[in-house]
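> Okay, sequence plus prediction incoming.
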Amino acid sequence: GWAGWSALGPGELAGRLSRCLQMMPWTCAAGVGAQVEGLEQVGESLLGAEAAAFVAEPDMVARADRMGPADLLGALPTGVLRTPAAVVLGPLLAIDKDGTLLETLAAVLDEGGALKAAERLGVHRNTVTTRLDRIKAVGFDLDDASTRLALQLACHVLPR
């Protein structure tokens, strides 16, 4: 890959890179980091650009300043994180024989609540609430922000 610096804003730079990608003789993707004020922040912008390029579709340009949480999780090295994710979710995986509890947990965390998760899963909200009770019973405190973050990351890392 290549890395570079430009005085252009992220939108204009992404547009120019998109035109460049169309001219390339092979398929590739690009990422644009956040615009920064000084050289001391260029390293952070480069990391953002690398993460954006990693999750960009072929022949597309992704902007770090427009990446959502799912995109950021997608940029993490899942192979390295699978074992810790399995440890975090271990108590749940031990009782979740068919995968519905893991799927429900992921939906609740992604959607921000049981009602939207129920809609996504195509089940009644009481079904989601019952499943959440089973998830909490194995020791997960879903009211704790750091627990929710760890669980959400683990849910995205482990294959379903």
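Done, it's in. Residues are numbered from 1 along each chain as shown.

> So what's the gap between stretch 84-95 and the chain middle?
19 Å (C-alpha atoms, centre = their mean, to the nearest Å).

> which residues touch that stretch?
Contact partners of stretch 84-95, identified using C-beta atoms under 8 Å, 6 or more residues apart in numbering, comprise 101-102, 105, 134-135, 138-140, 150-151, 153-155, 157-158. Quick note: C-beta positions are derived from backbone N, CA and C, even for glycine.

> Pull up the distance across that stretch, start to finish.
18 Å (C-alpha to C-alpha, to the nearest Å).

> okay, and for this protein, where does confidence drop off?
In the predicted model of the chain, residues 1, 69-70, 72-74, 160 satisfy pLDDT under 70.

> show me where it has strands.
Counting by DSSP state E, the chain has strands at residues 30-32, 61-63.

> Comparing these, which comes out most buried?
Stretch with highest mean neighbour count among the strands of the chain: strand 30-32 (a mean of 26; mean count of other C-beta atoms under 10 Å).

> hang on, the earlier thing: mind giving me CSV with the strands of the chain and columns for distance to Glu12?
Shown next, in CSV, are the strands of the chain (distance: least, C-beta to C-beta, whole Å):
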stretch, distance to Glu12
strand 30-32, 10
strand 61-63, 11
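
> and of the ones you listed, who's closest to Val80?
Of all those, strand 30-32 sits nearest to Val80, with 20.4 Å by C-beta to C-beta.

> tell me which strands and helices the closest one is in contact with?
helix 10-23, helix 42-55, strand 61-63 (3 or more C-beta pairs under 8 Å, 6 or more residues apart in numbering; DSSP states H and E).

> Kindly reformat the ones you listed as TSV and extend each row with distance to Ala145.
Formatted as TSV, those follow (distance: least, C-beta to C-beta, whole Å):
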stretch	distance to Ala145
helix 10-23	29
helix 42-55	23
strand 61-63	27
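
> Quick one: closest of the ones you listed to Asp96.
Closest among these, using C-beta to C-beta: helix 42-55, at 28.0 Å.
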